[in-house]
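In: Turn this into a model:
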Amino acid sequence: MNTGKTNANEPLLFTAALLSYPIAYFYIHALLFNENIGTPGIQIPSALLFTVIFMTAVEVVSRLARHEGAGRTSREHLFWGMILAAQGAALAIHGMHSGSLGIWQIFLWHMTAIYYTAVCTDMLTAGRTSVFLPADVLTQMFAVPVMNVLLRIKSLIKGIVRPFRAKRRPSVPVVLSIAAAAGVVLFAWSQLAAADRNFGRIGSSFFKGIGSFFRQLFRGSQMPAILLSIPVGCYLFAMVCGSLVISGRRLKISEDNFRDNMEPMRRVPAFSAGIVMGALTAVYVVFFSLQAAELFLILTRGGSSGQVLSAPSASEFARNGFQELCRILILNFCVLGFFGFFLDTEHGKIQNPLRSRGPLHLLTGIFALSGIGFTLLAILKIYVYIHLYGFTARRVLSFWFVATLLIVSVLALVRIFRKFHAVPAAVFVMAASFVILVLSDVDGGIIHGEISRYEDGRDSHLAMTELDGCGFTNRRDLADNTQRLIDAGWFTGMVSESVNDGAQRCTIYDVQNLYTRQIWYKEDGTRLYADELGSYAGYAGAVYAEMIPGEEAVSSREASGQEQKLHAGAATLLLTIRKDGVVTSAKLIR
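Out: As a prediction, this is how the structure comes out:
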């Protein structure tokens, strides 16, 4: 922005600086402290609400700034807006997914917000998504905020002193008048409060309300949230509004300019590309053939002998495939990129030999095809691992990643034979596919798959640590999943090991790290309370364990278990336990 535009946008920057405080406070209080907004009956997911607020703020600021290129609506602009909104919706629907998928979900949600800001404020180096995407993200994430770290305080100071800089406005008389009015009003209020008791109560209630507000402010998580929101708001303001301030001074390179600047460096002869890619392709063919033969022998031997890979062997089998995939694909992309940029074109007189018809063109296609082969091999290895030992969050994420790399490898192969913007296409595919992944009920699918494997007899036990990480006890389908475990006989024969704190947690689920409340009954059917467990030896009979977190199964000593253990919408698990602590039967009452 030039000086004139900067002065014209001072009111906008001042308003944005003021609004950055509540926006940052909401981010800290609602997201880091994990609190939703609304009444007990109506809860608005904080992640989705913050996403909408952030997108609206960026859109309004970029459009009102009216900087050249900022605030334009394009297909790419709309695409990244939909991607960011969909990620916020995924957090609202499913929350943070379990395991490494949840970590990547939060990280990429933030990265998308940063890149969306760069798109809206016209800060992309090439004016669109390109090979400069990593540089664009790092610039928007670090360089822009650092260059404008004091922008918010400057905007606030300018906004405050701006009315006093205008002509015909004597600042000293205005200040003195306000001070005099405040003193006169306070004196008059005190006299009227003494004359009328009801009028005095109004002032007393007002000052009590102010005192209560400040007491609440310094209590609980309010003050830490306020303190943390100050640097967060400074960062958000510097990233968004700082982009508009320095947008006119950014480095911008068009595709034609980049190609022209690269011409003097294109000196690598075509035969060098043929030697390098030919040698690598030959090695790849041999290696791929050996890997395919090894996989065939392993699967055949396992099928004929009735034995399969052990868990450590299968894990190593899939992990090696994933690592070799990453290394080979990175090497392939580096080789193709190097020769694509530096292969001699005789100062632009001839087309890049990689894309001109001939032997080298065909060899380049075979070289790119080998990357697809390695991707398929890695997908097959991960599929074998999942088929043998089920889904986990990390396996789902790995499978998505290699499947996405398969699409990217296909795009690289097509780019050799047909000209199009391959980098934006690859980025769009990865972004869209990740959004589809996080919008899916991955945790529910993992739970369903784990229980199904136990029901089918493929697993002799449940991976309770994985189920606990997927929020097994906090899901709406908890009762349905418990009924499946009852039907599969999971509870029958289990041993209850600790009963001294039985009134606080269900001992069967306690063994499996899934906690809830339980109620014990004596053999005669009367209620057994926590203070009686230590002295009562005949605790055999039934255990009523509530399945809905937060509900009370029995509300008082006088309440009968049969009549009071159920609530509207609640389900109760009835376990019959022998004197030796072994479960003999299980039943779910809804």
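In: Using PDB, write down the CA coordinates of the one helix or strand residue 425 maps to.
Out: Element membership for residue 425 (DSSP states H and E) is helix 422-439. Output of helix 422-439 as PDB, limited to C-alpha atoms (Å, rounded to 0.1, in the frame of the first residue of the first chain):
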ATOM      1  CA  ALA A 422       0.100 -30.600 -12.400                       C
ATOM      2  CA  VAL A 423       1.200 -29.000  -9.100                       C
ATOM      3  CA  PRO A 424      -2.100 -27.300  -8.400                       C
ATOM      4  CA  ALA A 425      -4.000 -30.400  -9.400                       C
ATOM      5  CA  ALA A 426      -2.000 -32.500  -7.000                       C
ATOM      6  CA  VAL A 427      -2.400 -30.100  -4.200                       C
ATOM      7  CA  PHE A 428      -6.200 -29.900  -4.800                       C
ATOM      8  CA  VAL A 429      -6.500 -33.700  -4.900                       C
ATOM      9  CA  MET A 430      -4.600 -34.100  -1.600                       C
ATOM     10  CA  ALA A 431      -6.600 -31.300   0.100                       C
ATOM     11  CA  ALA A 432     -10.000 -32.500  -1.100                       C
ATOM     12  CA  SER A 433      -9.200 -36.200  -0.200                       C
ATOM     13  CA  PHE A 434      -8.100 -35.200   3.300                       C
ATOM     14  CA  VAL A 435     -11.300 -33.300   3.900                       C
ATOM     15  CA  ILE A 436     -13.300 -36.300   2.800                       C
ATOM     16  CA  LEU A 437     -11.200 -38.400   5.300                       C
ATOM     17  CA  VAL A 438     -11.800 -36.200   8.300                       C
ATOM     18  CA  LEU A 439     -15.500 -35.800   7.500                       C
END
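In: Which positions in it come out as buried?
Out: By 16 or more other C-beta atoms under 10 Å, the buried positions in helix 422-439 come out as 422-428, 430-431, 434-435, 437-438. Every C-beta, even on glycine, is put in place using the N, C-alpha and C of the backbone.
In: what's the distance between the closest residue to residue 230 other than its chain neighbours and residue 457?
Out: Excluding its sequence neighbours, the residue lying closest to residue 230 (C-beta to C-beta, 6 or more residues apart in numbering) is residue 24, at 7.4 Å. Residue 24 sits 54 Å away from residue 457, going by C-beta to C-beta, to the nearest Å.
In: Also residue 327?
Out: 39 Å.
In: who's more crowded, these two?
Out: Set residue 327 next to residue 457 and count neighbours by other C-beta atoms under 10 Å: residue 327 wins out with 11 against 8.
In: That one looks like it's in a helix, true?
Out: Yes - judged by DSSP: H, G, I helix; E, B strand; the rest coil, residue 327 forms part of a helix.
In: buried stuff in stretch 133-142?
Out: Buried residues in stretch 133-142, defined by neighbour count with 16+ other C-beta under 10 Å: 133, 136, 139-141.
In: among those, which are in helices?
Out: Using DSSP state H, 133, 136 are the members of the buried residues of stretch 133-142 that sit in helices.
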